[in-house]
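J.: Just to be clear, the model below is a prediction. Sequence and coordinates:
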Amino acid sequence: MTRRTVFLTGATGSMGGSALKQLMEQAQHNVVVLVRPSRKNREAMDPYREKPGLKIFWGDLTRYEDVLACVSGADIVLHPAAFIAPAADHDPETAWRINVGSAENIVRAIEAQPDPDAIRFVNIGTVAATGDRLPPIHVGRTGDPLKPSIFDMYACSKIAAERLVAESGLRRWVSLRQTYIATSRQIQDPIMYHQPIGTCIELCTEQDAGLLLVNACRRDIPEEFWGRFYNIGGGPRCRTVFHEYMARSMKLVGIDYRTIMERNWFATRNFHCQWFEDAHILNDYLHFQTETLDDHLRHVDRAFPESTRTGVRLIPPEEIKKGVMRPLAYDTPDCTLYWMEHDMRMRITAFFKSRQDWAAIPGWDVDMPRDPRRLEPVRLDHGYDEGKPLAELDLRDMRAAAEFRGGRCLSERMKTGDLRARMRWQCAFGHAFEATPNLILKGGHWCPECAPPGWNFDEQAKRNPFFAQVWYPNHDRGEHNVYPADCWRDVLAVG
């Protein structure tokens, strides 16, 4: 049987690196990777230079000519590469150029091939597209509203890239929304305090993330798999809550997290992550859920040298708190307590609602978040009859969905069951746009003009019942905050 050719992006990253390692171990495909010629990347690729079946192309995803050279002759394109947070949140221009530009270049390069319909394109999106999903809406599914957190320029760029791919007209594409990729590498950054302690996380290990991409290259994937959106998650055995995750991971080195951090260092809203109702659907196709939360913690445990454990145990918790953890909360414009000290109103309202609400945050000993496993999650309404087979959805369903989003379906005709033909819509603010029913009903997208950057979610929720479902669980109807498209610059202005 002829070996197929796989074009893999992001080969030096977590997901792409894991996929490359496993592809080389399987040795069933010819693999092409496009890698920027930085010193760090060259060192990372050194072990692969002499691997048979691998071609390393030194170039840049933002250059169409480089992408075209890699796509030409490829049967499958795997695209996990991205410019991610927190760097992306400080440099949205680069995030857009890389995250959106690379997707655009890949689509264009596929369209330039002799038979574009034969090429399979696996785009990796992000769970950050749906923003924070704290209880009682902590269990989500594709088709739920997109709600990128305020200041999350990475999520905004990935939403734009996903829309571009889904509306490209390519026949065989999928967008897989990646959750938290759990690695054994521990990274300390102020962004850890942007996350509410009650955040529900359904992680996917680095090994399983790579396996997912490898299995997406299988020949026996049915045609029905393509043209859809999926959530990537490890399943129920990979579910945790952030404060539980901190407790278990820090216990590995003998630390009680409550002795080295204060509870009011952590935001109370405006991050992302959730548990997934539907991650099993992707697993049914790609069979990647092999590791659990316990497996991940064992990987982390093995990554700690004994000297590190011994050293940490010899340091009093108050010194760790003062010298390591407190600076992440106080010292730079990205830090939650820096926002309070410098009265950064937009950050305070986005992440805490108000200074008064922040001041009311209790200590670790009282009012901890309820165990979400004991709560009945609220399943969101998508605004149309989901009991109908997709092949039977018609214009009446489109009109119902648009009305539930505060808008209208402007198209007067629709071929029953055709979710891939563009239709005309209007949002609650009067913006007219074109989109496929697939993008709206199954992807959760809506008006591109209302999409961030630039957040007026308080006003959108008042006019859009669909969106209100994900906004009012932790926002008051009396809030009237507006965050301009360049609101991210506030951390640069005070830096």
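T.: Received, thanks.

J.: alpha carbons only for contacts and neighbour counts from here, please
T.: Noted.

J.: can you give me the strands for the stretch 51-200 of the chain?
T.: Assigned strands in the stretch 51-200 of the chain, in chain order: 54-58, 76-79, 120-126, 139-140, 173-178, 181-182, 200-202 (criterion: DSSP state E, counting those that start in this stretch).

J.: now the ones you listed as TSV including distance to residue 377, mean pLDDT and mean neighbour count?
T.: Formatted as TSV, the strands of the stretch 51-200 of the chain follow (distance: least, CA to CA, whole Å; pLDDT from 0 to 100; neighbours: other CA atoms under 10 Å):
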stretch	distance to residue 377	mean pLDDT	mean neighbour count
strand 54-58	46	97	16
strand 76-79	33	98	23
strand 120-126	22	98	24
strand 139-140	6	98	22
strand 173-178	21	98	23
strand 181-182	24	96	20
strand 200-202	12	98	26
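
J.: May I see these arranged in CSV, with distance to residue 292 as well?
T.: Formatted as CSV, the strands of the stretch 51-200 of the chain follow (distance: least, CA to CA, whole Å):
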stretch, distance to residue 292
strand 54-58, 31
strand 76-79, 24
strand 120-126, 20
strand 139-140, 18
strand 173-178, 16
strand 181-182, 10
strand 200-202, 10
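
J.: which stretch among those strands comes nearest residue 153?
T.: Residue 153 lies closest, by CA to CA, to one member of the strands of the stretch 51-200 of the chain: strand 120-126, at 12.2 Å.

J.: and that closest one with strand 173-178, angle?
T.: Angle between the axes of strand 120-126 and strand 173-178 is 30 degrees (criterion: axes from the mean of the first three to the mean of the last three CA atoms, to 10 degrees).

J.: What is the subsequent helix or strand relative to the worst-scoring helix or strand of the chain on mean pLDDT?
T.: Lowest on mean pLDDT, DSSP states H and E among the helices and strands of the chain sits helix 306-314, with a mean of 83. Note on helix 306-314: by DSSP states H and E, the next helix or strand toward the C-terminus is helix 317-320.

J.: Same question for that next one: list its buried residues.
T.: Across helix 317-320, burial judged by 16 or more other CA atoms under 10 Å covers 317, 320.

J.: Over to stretch 285-301?
T.: Buried positions in stretch 285-301, judged by neighbour count with 16+ other CA under 10 Å: 285-286, 288-289, 291-293, 296-297, 299-301.

J.: How about stretch 426-438?
T.: By neighbour count on 16+ other CA under 10 Å, the buried set for stretch 426-438 is 426-428, 432-438.

J.: Quick check: of these, which lies closest to residue 480?
T.: For the buried residues of stretch 426-438, the nearest to residue 480 is residue 428 (17.2 Å; CA to CA).

J.: bridging residues for the residue lying closest to residue 173 once chain neighbours are set aside?
T.: The shortest distance from residue 173 to any non-neighbouring residue, by CA to CA, 6 or more residues apart in numbering, is to residue 121 (4.6 Å). Beta-bridge partners of residue 121, counted by DSSP bridges, are residue 77, residue 173.

J.: dump the residue contacts of residue 121.
T.: Applying CA atoms under 8 Å, 6 or more residues apart in numbering, we find residue 121 in contact with 76-79, 172-174.

J.: roughly how far apart are it and residue 103?
T.: In this view, residue 121 and residue 103 are 10 Å apart by CA to CA, to the nearest Å.

J.: For those two, list the residues in contact with both.
T.: What both residue 121 and residue 103 touch, as defined by CA under 8 Å, 6+ apart, is an empty set.
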